[in-house]
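J.: need the 3D shape of this:
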Amino acid sequence: MAALAEALATVQLDGYALETCAKKLRDDENVVLRAVAESGGALQFASERLRDSDAVARAALKQSGEALEFCSARLRAAAATATLACANAGWALRHAAPALRDDEKVVAAAVGQTGSALRFA
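T.: Alright, predicted model coming up:
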């Protein structure tokens, strides 16, 4: 229990500290949610199961659209996920599934955030 409390406190201050947490804690939804809320890129250190979680992905993408790179293939191919990512970081379009790089809404979200994201369409 002490390890969980320590992990929660640590990742709240530095989401990337998730990298140093025990494997079991990187699969704990509360720990990972707190980490990605602080640093979306911390998603790269989450378990595969949580990298495929809609709730965890949304939390990470709200903090950093570039976290799309670390989402599961299923989520990178979901239009809603890609749109959220691209609305927060246009260049996240480069991490979306190829089919979504032709999707009008996804591309519009990316280009609306960063015009130069058009090069990834």
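J.: how about the helices in this structure?
T.: Assigned by DSSP state H, the helices in the chain fall at 2-13, 29-38, 48-51, 54-63, 73-76, 79-88, 104-113.
J.: buried sites along the first one?
T.: Residues of helix 2-13 classed as buried: 7-8, 10-11 (neighbour count, 16 or more other Cβ atoms under 10 Å). (Glycine included, C-beta is placed from N, CA and C.)
J.: just the closest of those to Gln63, please.
T.: Val11 (12.5 Å; Cβ to Cβ).
J.: now do the same for that closest one: its pLDDT.
T.: On pLDDT, Val11 comes in at 97.
J.: quick one: contacts for it?
T.: Val11 is in contact with 17-18, 21, 31, 34-35, 38, 42, counting by Cβ atoms under 8 Å, 6 or more residues apart in numbering.
J.: one step back: could you dump the buried residues of helix 2-13 to JSON lines with distance to Ala57?
T.: Below are the buried residues of helix 2-13 laid out as JSON lines (distance: Cβ to Cβ, whole Å):
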{"residue": "Ala7", "distance to Ala57": "20"}
{"residue": "Leu8", "distance to Ala57": "20"}
{"residue": "Thr10", "distance to Ala57": "22"}
{"residue": "Val11", "distance to Ala57": "17"}
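J.: so which of the residues you listed is the closest to Ala80?
T.: Closest to Ala80, out of all of the buried residues of helix 2-13 and judged by Cβ to Cβ, is Val11, at 25.9 Å.
J.: quick one: the closest one from Thr20, how far?
T.: Look at Val11 and Thr20: by Cβ to Cβ, to the nearest Å, they are 10 Å apart.
J.: same check, this time on Ala82
T.: 30 Å.
J.: more neighbours: which of these two?
T.: The neighbour count for Ala82 versus Thr20, taken as other Cβ atoms under 10 Å, is higher for Ala82 (30 against 13).
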